[in-house]
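sequence first, predicted model second:
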Amino acid sequence: QEFLDAGFTTVLSAIDPPPIIEAKRRIEAGTLAGPRLYTGTFVPLAGAVPGPRAPGDPARTDASRGPRNGPAAPAVPAEQTAQAVQRAKAAGYDFLKVVLVSTPNGTELDTLKLIVAEGKKVGMPTIVHAVSVMDTLTAVEAQPALLVHTPHIGRLDEDPYAIRKIVEAKIPMTST
């Protein structure tokens, strides 16, 4: 109701746990007041890189900010990725959300391409959270439906090639 009171009639709700699906069903049935919900769930691009996480504020210590000279993240098997997309569809989600942090010699691009392709098969667009210039350039190669964040890690303003590649991809980008 608070969203409606504030004038929001539609909310894109990324990476929410299953209770959001029940809320969406109740709103659609008219038993709960709320905006139209467009729901997404997370699909992993890679396994966890071994080692400790940096302490502190994740916005200041996330892997997108530092040098990427460590080990490649382990691959997610293709069958597991396809099953994750099928589970998301069966659960009632509307789209797939991916957080992209490319690793040296990693398999993230191949997995992202697979997620985009599998999502298209079942009518689920893929949204990619990419906050660095490097990750955004990787993301556009997979042609997702939407890029979330204008790259703010790296100097996009000093890289005419990157600007041209991102613009020519014609993928909508939200600056959140």
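Okay, I see it.

show me where this protein has strands.
10-13, 36-42, 95-99, 126-129, 146-148, 173-174 (DSSP state E).

reformat the ones you listed into TSV and put mean pLDDT, distance to residue 82 and mean neighbour count next to each item.
Every residue, glycine included, has its C-beta placed from N, CA and C. Formatted as TSV, the strands of the chain follow (pLDDT from 0 to 100; distance: least, CB to CB, whole Å; neighbours: other CB atoms under 10 Å):
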stretch	mean pLDDT	distance to residue 82	mean neighbour count
strand 10-13	91	24	16
strand 36-42	93	15	19
strand 95-99	93	12	23
strand 126-129	94	13	24
strand 146-148	92	21	21
strand 173-174	90	27	15
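
tell me which of those strands lies nearest to residue 24.
Among the strands of the chain, the nearest to residue 24 by CB to CB is strand 36-42 (4.3 Å).

about what we covered before: okay, the strands of the chain in CSV with distance to residue 87 next?
As requested, the strands of the chain are exported to CSV (distance: least, CB to CB, whole Å):
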stretch, distance to residue 87
strand 10-13, 18
strand 36-42, 9
strand 95-99, 11
strand 126-129, 15
strand 146-148, 21
strand 173-174, 26
